[in-house]
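Asker: Below are the sequence and a predicted model for it; my questions follow.
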Amino acid sequence: MTTPTTMTADQVRIYEVKRVDVEGAIVIDGFPSVGLVSSIVANYLIDTLQMEQIGIVESPSFPTVSLVRNGIPQHPVRIYAGRPPADRVGRVADRIVAFVSEFHPPPNIIHPLATTIMDWVQEQRCGMLVSPEGLVVDRPGDGRGKGARLADVKVYGIASTQKARDLYIEPNTLPFTEGVITGIAGVLLNEGRRRGFDVLTFLAEAQADYPDARAAAKVIETINRILLRTPLDPVPLYHEAERIEQQLLTIQRSAAERSHLERPTVASQPMYR
């Protein structure tokens, strides 16, 4: 493994395990949010595009766990890169990078983590950074919020720069004009504004108490429609999002069963919103 390419006084490091050109890429923030919307979106893109792991993010403040999948140990915070296949007329597809984690970073590490990510994104000359988020709502239905039709789930947008607001938010989605965005997404928006870098947050109405595949699917649909030059096939979108929902729910339950072994920094704790 290589030496860290980014380091802060708070001991947040990015290690690149494979050098890949990601200039101009769309970067996805896949840290857990309300309804685990971010995590589902990032995992969907990783699985659908068969993205390869190119790095990890390390900090002593991260949970001391190894996430094992298909017999392979995985770091709690990983970086993947890939791109959709070229379309029928041969246009080059957008490159996509995803930072993904199934676990909540503790509050004291959120700011240095977000600023380290922004530093890396700018060092790599990526094109923009996108944070999928959940917006807490109460839906009528079966007690798990699944009574709402997909068409009823609204998606709001906000951007760090006027250029991004004019180009992506105003013409394509409902502007998020008043409220509070916390956690990684909030710091990324503030850093994007300070640095003049395009950071977009898409907030889908979601339930806070469980992984919400419907909200995540609406955000994926929004990203697909607004940002990607070679759109993803929408047919398997909702079924795949629900499969990932169940996978993350299993991880949550497993983490909760083991939470007595260490301080509660895993995804079973309340959302920081």
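Answerer: Thanks, I have the structure now. Residues are numbered from 1 along each chain as shown.
Asker: okay, now Glu123: neighbour count?
Answerer: 11 (other Cβ atoms under 10 Å). Backbone N, C-alpha and C define where each C-beta goes, glycine included.
Asker: pLDDT value on it, please?
Answerer: Per-residue confidence (pLDDT) for Glu123: 96.
Asker: shouldn't Ile226 be in contact with Asn172?
Answerer: Yes. Between Ile226 and Asn172 there is a contact under Cβ atoms under 8 Å: 4.8 Å.
Asker: the more surrounded of those two?
Answerer: Neighbours per residue (other Cβ under 10 Å) separate Ile226 from Asn172, with Ile226 holding more: 18 against 14.
Asker: How much space separates the more buried one from His104?
Answerer: 28 Å (Cβ to Cβ, to the nearest Å).
Asker: do the same with Phe31
Answerer: Applying Cβ to Cβ to Phe31 and His104 gives a distance of 8 Å.
Asker: Would you mind telling me which of these two has more residues around it?
Answerer: Phe31 (27 against 23).
Asker: can you pull the contacts of that one?
Answerer: Residues counted as contacts of Phe31 (Cβ atoms under 8 Å, 6 or more residues apart in numbering) are Ser38, Ser39, Val77, Phe99, Val100, Ser101, His104, Pro105, Gly183, Ile184.
Asker: and what of Glu133?
Answerer: Contacts of Glu133 (Cβ under 8 Å, 6+ apart): Ser33, Val34, Val37, Ser38, Ile181, Ala185, Thr201, Phe202, Leu203, Ala204, Val219.
Asker: Then Leu113?
Answerer: Val12, Val57, Ser59, Pro105, Ile184.
Asker: helix, strand or coil for it?
Answerer: helix (DSSP: H, G, I helix; E, B strand; the rest coil).
Asker: go on, Leu200?
Answerer: Going by three-state DSSP: Leu200 is strand.
Asker: number of nearby residues for it?
Answerer: Counted with other Cβ under 10 Å, Leu200 comes out at 29.
Asker: so which of the contacts of Phe31 comes closest to Ala215?
Answerer: Ser38 (10.4 Å; Cβ to Cβ).
Asker: Would you check that that closest one makes contact with Leu45?
Answerer: No. Taking contacts as Cβ under 8 Å, Ser38 lies outside contact range of Leu45: 11.1 Å.
Asker: what residues are shared contacts of those two?
Answerer: In contact with both Ser38 and Leu45: Ile28, using Cβ under 8 Å, 6+ apart.
Asker: all strands for the chain, in order.
Answerer: 6-7, 13-16, 26-30, 52-58, 67-69, 72-74, 77-82, 96-101, 128-136, 155-159, 174-175, 199-206 (DSSP state E).
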